[in-house]
Every structure is written in structure tokens, then in C-alpha cells.
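K.L.:
3D, please:
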Amino acid sequence: MTEEKESLNFLEQLIEDDLAAGFPKDQLRFRFPPEPNGYLHIGHAASICLNFGLGEKHNAPVNLRFDDTNPAKEEQEYVDAIKNDIQWLGFEWATECYSSDYFQQLYDWAIQLIKEGKAYVDGQSAEMMAAQKGTPTTPGVAGPYRNTTVEENLELFARMKAGEFEQGSYVLRAKIDMASPNMLMRDPILYRIVKRAHHRTGTDWCIYPMYDWTHGESDYIEQISHSLCTLEFKMHRELYDWFLDQIYDPAKLRPKQREFARRNLSYTVMSKRKLLELVEGKTVSGWDDPRMPTISGLRRRGYTPESIRKFSDLSGISKRDSVTDVSLLEYCIREDLNKTATRVMAVLDPVKLVITNYPAGKTEILEAENNPEDPTSGTHELPFSGELYIEQEDFKENAGNNFFRLTLGNEVRLKSAYIIKGESVVKDAAGNILEIHCTADFDSKSGSGTEASTRKVKGTLHWVSIQHAIKAEVREYDRLFLDEAPDSHEDKNFMEFINPNSLRVIKEAYLEPFLKNASMSDKFQFQRLGYFTLDKDSTTDNLVFNKTVGLRDSWAKQNPAPTPQTNQPKAKQNQGGGQSQGQRSALNEIQKIAKKYTNLSGDKLAAARADIAKLAEEVSYEELEPLFQTATKKVGTRIGVMIALGVLLNKGQERNSAIEAFIKAGSEDENEELAKESLSIQS
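P.N.:
Here you go, the predicted structure:
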């Protein structure tokens, strides 16, 4: 049996080809070169994972080099944040470097260029120089300083360095080709005057090298073998190579620049300038606001290093810019937290429930499973009493047939406890429900092994004991922007698409007492509500929890597709008065997508799952149930049916023996994807 060949992205293949052509493996060296002018975001994670991943794969060193050539925008705070983010993601750099370490060498090489007649000082305004550069279809023209003598240029450059000139009065330009079809080759700027203190060199310098001049030469100094940049630098590669040509020693390694596509994410912005605008304008609380796409913000929201690395892996490395749907990122954190988060109970919108036949003053300790996904996770104690809080939305005094939670005269199970029956309510003068009175079936205690404990009822509710509950603040986050691409509109500012409901603060949520000793590194699933983590604002007396992500993607449901135009023909009922043609088509589409499900991965897998869930909104249980008997070998179809069933159950579909049998069979299946979907909807 032949071993499956590893799938390589084009940059990994480039390195493999270089090694196959004789490049010494011990000379492989990579770097991650951030500019310390802001916090790293999820787009930078692609470059971090790429470069450090290559280092791990080839056992090669990876430098962390700060491109600190603009003191007007760079701060030590950003340096510290970047280092913290990289370490948190689980990577280690070989050498911590700074472009400012090379200021003297870069200056000396600039002097060399002037002496060789390849650089000159220009005193024109930026507008005049831009006009002389021409256009992509017309050549540039030489300015009046282009043929200044070497001696004059050396003197002017020395005076620039000495601080004799005002900012903006002179620049040093490379003398290349004003008629080059590549506009970047038309005498680019090497140095400009910036009279600002540098976060590392202080006031030692008042002239600073430009990025293009610094980048390749720094790679050369550090002997970087493969300099991997984003696509906007593709046109810069010719200049990168020209600069190297001027100082290259054949006895040393020559770096090679190659480009890959940026990672863009839907429903957010990835520009540091725009992220800074959000921070400075107080739209968010800071760079680490949990709504921000920064690594610090994602960490504070409860994302894990493993989920971000998984997201980077699934997103892949490509040659073309594209937008990755944020639902893939959310999928990755759900997958990770489902395996690791401790299950607890919390009530965010409480109403009092009294079990009238429960002995007054009695308290019993129940045993709650920490994580059904992890057999070694253990259990924790859960206090139970006769007075509880449940969610207000989990009770209706007068409910229709599609409501499967607590109502008067009907039964539900309290998670890990008893089956209860709604008996009556107590209201205030305005008709608001103050208390729900119930009776409990004490033979139905979960895990007791009695016949009553296995009795099936249509709903299971989470709860907390009022006597034992702890009060906490809970912050629920939604997407910061309402538009999929908020900065893509030429006629509108991206700030116009801010979601006014991106943060909901619940000041008085009630949690089971197990959470009193929660730590910042702990991850929790508030059962039926989502995944949560402790926020840094927490104190001993005031716990604050952030919602990381819901148990399922609710965005599509909140933002349905536009309603069809009124002149569109309506789906016809079939002769038996059963499902409409539209519903049959939805089920057919689910089956078509599901057949290919097991062959998908990454974005395509997440998109397929989202499509099935959306189509399931149009399918009835009567239509779906016959597919429970799908042959075992057609695992893709069974996964699709399980996803659709989860949607129906979430909408209130009553559980029955056929549903329970189908879920149980799926949870025990050897296919991990099917088992995962089944376990997520198990009662």
C-alpha cells in the first residue's frame, strides 16, 4: 500500500525544489518582520504560522525582526505585544532582531552608492518628484538634482545626518532608471529626514531608511534564505534584487524574495490604520477589545492558539488575494472548545422556579460531567435545591405545539437532575411572572439507574440553585461590522457599517458556584448558551465572562437572504397536501451537498455545512425521517441528515425514539465528523 503524498503549498514546494537542486538544508533561515506600529491581527497569523511552520518543518532558525524604521508611528508597547502574541501562538524565534540594529551599516552602504554614482540627494518637493516620475505608460524625466556631483551629494547627505535640514527638505534617492516600466525603479527614495526620537536609538539618528532599502539588506545581513512577503511586494521584487546587487558578496548567501496572498476576513477590517481609528475613536475599548480581529483581542475573547493555528492551516497559502469567511474561524474555535471546555450551567435572563414538593431547606449535591468529549476530564459537584433560576425564554404560560420547553401541565428535564412538571405561576400586579411553581418526579433523577430516570421528555433545561449561585457580569459579543466587506465601498466610510449591537452587557447573570474559582486560562461551555472565558477585568468580587462563540452559527439565521421578488412563482403544494416543491428541492440540495461532504476540507467544508444548515430551515421532520435509514456506507448523506436534524431540534422539534436511535448510531460511528455532529445534539 503506497503512502499518501503530503500536499504542499506553492512556497513549501519552492523550498523543496531548492533543496532538490542542491541548496544546503543547514542554510535555510526564515524571518517574520512585523512593523511595531500596531497590534498583530488574524491576517498576520498567516505569515507567523507560515514562517515559523517552515522553521519547525525543516529544523531551521526563524528570526523575529522588527522593521522599526519609522519612529513617528512605532512604540515599545507594540514590540512587547507582538512578542507576546507570537509566544502565545506557541512559536519561538531564533534571534530577536531590529532594523535599527543595522542603521550604521545601511548608512555606510548608502555612502557607497553615492560614491559609485548610484544615489543622490534631492531637494525638490514630494509633488515635483511625483510629477517627474511620469505614469505607467509614460517615462519619467530627470530632476535638477539627478546629476549633482558625488562630492556635493556626500556633503548634503552628511548634513542631513547631522540634522542641519528641516524635515521634508531633502531625501536620498537611488539613481536607477527614470524610464523603467516598473514605477518603483524610477529613482526610489532611500532616506528621509524624520526628527522624532526612536524607541530604541533615541535621538542618535534624524534620517531613517525606507522599507525597500532596509528590507532586502536586512535579509542579507541576517543571511535569510527565503524572504516570504505578501503580494503587494511582488512589484518590489525587482528593486529588492537591485539593492542586493549593489552590495552582494558571492561568498555569502543571497536571499530570495517570494510572495503569497494576504489573509482577509469577512465582517472586519485588516488595515492597521483603520484598526487604530477604531481604538483612538473609542469605538472599541482598545487593541485587545474582544471584537477586534487582533490576536490580542481574539485571545481575550477566549480563542485558543490551537484554533488560530488550525484556522491558518485550513485557510491555506495562495497566490491570489481572497476573503475567508469569518465562520471558518468560528468553526475552528468551536471544534477546539468542544473537546476541551468544561461544561457548566449559567442563567443570563433569570426567572424563579420553585419545586413545591421539594423538602424545604434541603440541599443535595449532584455530580456534573466536566466534558463528555474527554473521558478523563472528571466531574464536579453541583448543588441543587428547591428554588432555582431558569432562563425566562424557557417558560411559556401559553405555548403552541412547537414550543418544547417548560409549560403548564407539561414536563421537561432539569439537566443532571429531575423531570419537573409545570403547575402554576405567581405574577405581580402588572401581570409579570415572578415565580413558576412545579413538581418534581423524584424517581427520575439523572444517573440513578431507575426506570423513571430513563424516561424521555421533550426538553432539557439548564438551571442554577438560587441559594448557591454566584452573580457575575457577562459580555456577549457579535460581529463588529454589519457588512461583509466594510472597507470595500468607494462611496462610504467603513465606520458607517459599525454594528450598534456588537456588545451586550448582562450585569446580573447567575452561575453555578464551581465558577467562583475560574482562572484566565480556563474555558467553559455554558450549557445551551455557548463558550465563555474569564475576562481580565474580573476581580474576586466581580467576575466578568466573555462569550467566545455560540454553540452554532446563528449569523445566517439572524441575517436571512433577501426575500424573493413578488413576481416570482410560488412553490405548489403536492396533491396529497404534503411538502411543497420548494421543500423537496431543499432536501435534494442537502443530499447533493452531503454526498461530497467527506471529500471536503477547510473553507469548502465549513461552507458546505453552513449551506446544509441553511437549507434545513426549509425541511420538515416528516420529510427528513425516511433518510434515517440511509445505508451506513453513505456516511456523507448521514452527516447531512444529522446537521439538518440538529437545526430542526433547535427549532423545537420533539424528540422521539427514531431520533434518539439515529443520534445514538451516529455518535458510535467510526467516522469522526458524523460522531461529532451526533454528540453535539445528544440530549
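
K.L.:
Would you state the helices of the stretch 201-350 of the chain in chain order?
P.N.:
Ranges of helices within the stretch 201-350 of the chain are 211-222, 237-247, 272-280, 295-301, 305-315, 326-340, based on DSSP state H, counting those that start in this stretch.

K.L.:
Counting by contacts, list what the second one packs against.
P.N.:
This points to helix 237-247. On a contact count with 3 or more CB pairs under 8 Å, 6 or more residues apart in numbering; DSSP states H and E, helix 237-247 meets helix 103-115, helix 211-222, strand 256-260. Backbone N, C-alpha and C define where each C-beta goes, glycine included.

K.L.:
pLDDT of it, averaged?
P.N.:
Helix 237-247 shows a mean pLDDT of 98 in the predicted model.

K.L.:
That helix to strand 256-260, inter-axis angle?
P.N.:
In this structure, helix 237-247 runs at an angle of 170 degrees to strand 256-260, with axes from the mean of the first three to the mean of the last three CA atoms, to 10 degrees as the basis.

K.L.:
likewise the last one?
P.N.:
Orientation of helix 326-340 against strand 256-260 (the same axes, to 10 degrees) gives an angle of 90 degrees.

K.L.:
Run through who's touching helix 326-340.
P.N.:
Contacts made with helix 326-340 from outside it, assessed by CB atoms under 8 Å, 6 or more residues apart in numbering, are listed as 42, 265-268, 302-304, 306-308, 310-311, 314-315, 371, 373-374, 479, 523, 525, 531, 548-549, 551, 553, 555, 602-603, 606, 609-610, 676, 680.

K.L.:
Name the residues of that helix that come out as buried.
P.N.:
Along helix 326-340, the positions that meet the burial threshold by neighbour count (16 or more other CB atoms under 10 Å) are 326-334, 336-338, 340.

K.L.:
Give the rounded mean pLDDT of that helix.
P.N.:
pLDDT averaged over helix 326-340 equals 95, rounded to a whole number.

K.L.:
For that helix, list the C-alpha coordinates in PDB.
P.N.:
Output of helix 326-340 as PDB, limited to C-alpha atoms (Å, rounded to 0.1, in the frame of the first residue of the first chain):
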ATOM      1  CA  VAL A 326     -15.300  34.500   9.500                       C
ATOM      2  CA  SER A 327     -17.500  31.400  10.000                       C
ATOM      3  CA  LEU A 328     -14.400  29.300   9.300                       C
ATOM      4  CA  LEU A 329     -12.600  30.900  12.200                       C
ATOM      5  CA  GLU A 330     -15.600  30.400  14.400                       C
ATOM      6  CA  TYR A 331     -15.800  26.800  13.300                       C
ATOM      7  CA  CYS A 332     -12.200  26.200  14.400                       C
ATOM      8  CA  ILE A 333     -12.700  27.600  17.900                       C
ATOM      9  CA  ARG A 334     -16.000  25.600  18.300                       C
ATOM     10  CA  GLU A 335     -14.100  22.400  17.300                       C
ATOM     11  CA  ASP A 336     -11.300  23.100  19.800                       C
ATOM     12  CA  LEU A 337     -13.500  24.200  22.700                       C
ATOM     13  CA  ASN A 338     -15.900  21.300  22.200                       C
ATOM     14  CA  LYS A 339     -13.100  19.000  23.000                       C
ATOM     15  CA  THR A 340     -11.600  20.900  25.900                       C
END
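
K.L.:
the inter-axis angle of that helix versus helix 305-315?
P.N.:
Relative orientation of helix 326-340 and helix 305-315, computed by the same axes, to 10 degrees: 140 degrees.

K.L.:
Centre of the chain to helix 326-340, how far?
P.N.:
Averaged C-alpha coordinates place helix 326-340 at 9 Å from its chain's average position (CA atoms, centre = their mean, to the nearest Å).

K.L.:
With the shortest one instead?
P.N.:
Centroid displacement of helix 295-301 relative to its chain, using CA atoms, centre = their mean, is 9 Å.

K.L.:
now swap in stretch 623-638 and tell me
P.N.:
33 Å.

K.L.:
Of all the helices and strands packed on helix 237-247, which one is nearest residue 36?
P.N.:
Judged by CB to CB, the one of the helices and strands packed on helix 237-247 that comes nearest to residue 36 is helix 211-222, at 13.2 Å.

K.L.:
tell me the angle that closest one makes with strand 256-260.
P.N.:
Between helix 211-222 and strand 256-260, the angle formed by their directions is 120 degrees, by the same axes, to 10 degrees.

K.L.:
in stretch 675-683, what counts as buried?
P.N.:
Neighbour counts over stretch 675-683 (16+ other CB under 10 Å) mark 675, 676, 677, 678, 680, 681 as buried.

K.L.:
Show me which of those is closest to residue 381.
P.N.:
residue 680 (25.7 Å).

K.L.:
State the pLDDT value of that closest one.
P.N.:
Model confidence at residue 680 (pLDDT) stands at 82.

K.L.:
host element of the closest residue to it other than its chain neighbours?
P.N.:
Nearest non-adjacent residue to residue 680, counting by CB to CB, 6 or more residues apart in numbering: residue 646, 6.6 Å away. Taking DSSP states H and E as the criterion, residue 646 maps to helix 635-650.

K.L.:
Give the buried residues for that helix.
P.N.:
Residues of helix 635-650 classed as buried under the neighbour-count rule (16+ other CB under 10 Å) are 635-649.

K.L.:
Which strands or helices does that helix pack on?
P.N.:
Identification of packing neighbours for helix 635-650 by 3+ CB pairs under 8 Å, 6+ apart yields helix 581-595, helix 602-616, helix 621-624, helix 657-667, helix 672-680.

K.L.:
can you list these in JSON lines and add distance to residue 219?
P.N.:
Compiled in JSON lines, the helices and strands packed on helix 635-650 are given as follows (distance: least, CB to CB, whole Å):
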{"stretch": "helix 581-595", "distance to residue 219": "46"}
{"stretch": "helix 602-616", "distance to residue 219": "31"}
{"stretch": "helix 621-624", "distance to residue 219": "58"}
{"stretch": "helix 657-667", "distance to residue 219": "52"}
{"stretch": "helix 672-680", "distance to residue 219": "42"}
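
K.L.:
before we move on, back to that, most tightly surrounded among the helices and strands packed on helix 237-247?
P.N.:
Highest mean neighbour count among the helices and strands packed on helix 237-247 (mean count of other CB atoms under 10 Å): helix 211-222, with a mean of 22.

K.L.:
and for it, what are the contacting residues?
P.N.:
In contact with helix 211-222 (CB under 8 Å, 6+ apart) are residues 29, 31, 33, 63, 65, 67, 69, 95, 97, 99, 102, 105-106, 109-110, 174, 184, 188, 190-191, 227, 236, 239-241, 243-244, 247-248, 252, 254-255, 257.

K.L.:
redo that, cut-off 6 Å
P.N.:
When contacts are defined by CB atoms under 6 Å, 6 or more residues apart in numbering, helix 211-222 is touched by residues 63, 69, 99, 102, 106, 190, 227, 236, 239-240, 243-244, 255.

K.L.:
Looking at those residues, which is nearest residue 467?
P.N.:
Distance to residue 467 across the contacts of helix 211-222 (CB to CB) is lowest for residue 63, with 57.9 Å.

K.L.:
Just confirm that closest one is within a helix.
P.N.:
No: the assignment for residue 63 by DSSP: H, G, I helix; E, B strand; the rest coil gives strand, which leaves it out of any helix.

K.L.:
what's near enough to touch it?
P.N.:
Contact analysis of residue 63 by CB under 6 Å, 6+ apart lists 31, 94, 95, 97, 222.

K.L.:
State the distance from residue 675 to residue 655.
P.N.:
Using CB to CB, to the nearest Å, one obtains 19 Å as the distance from residue 675 to residue 655.

K.L.:
tell me, what residue is most central in the protein?
P.N.:
Centroid-nearest residue in the chain: residue 329, 4.4 Å away (criterion: CA atoms, centre = their mean).
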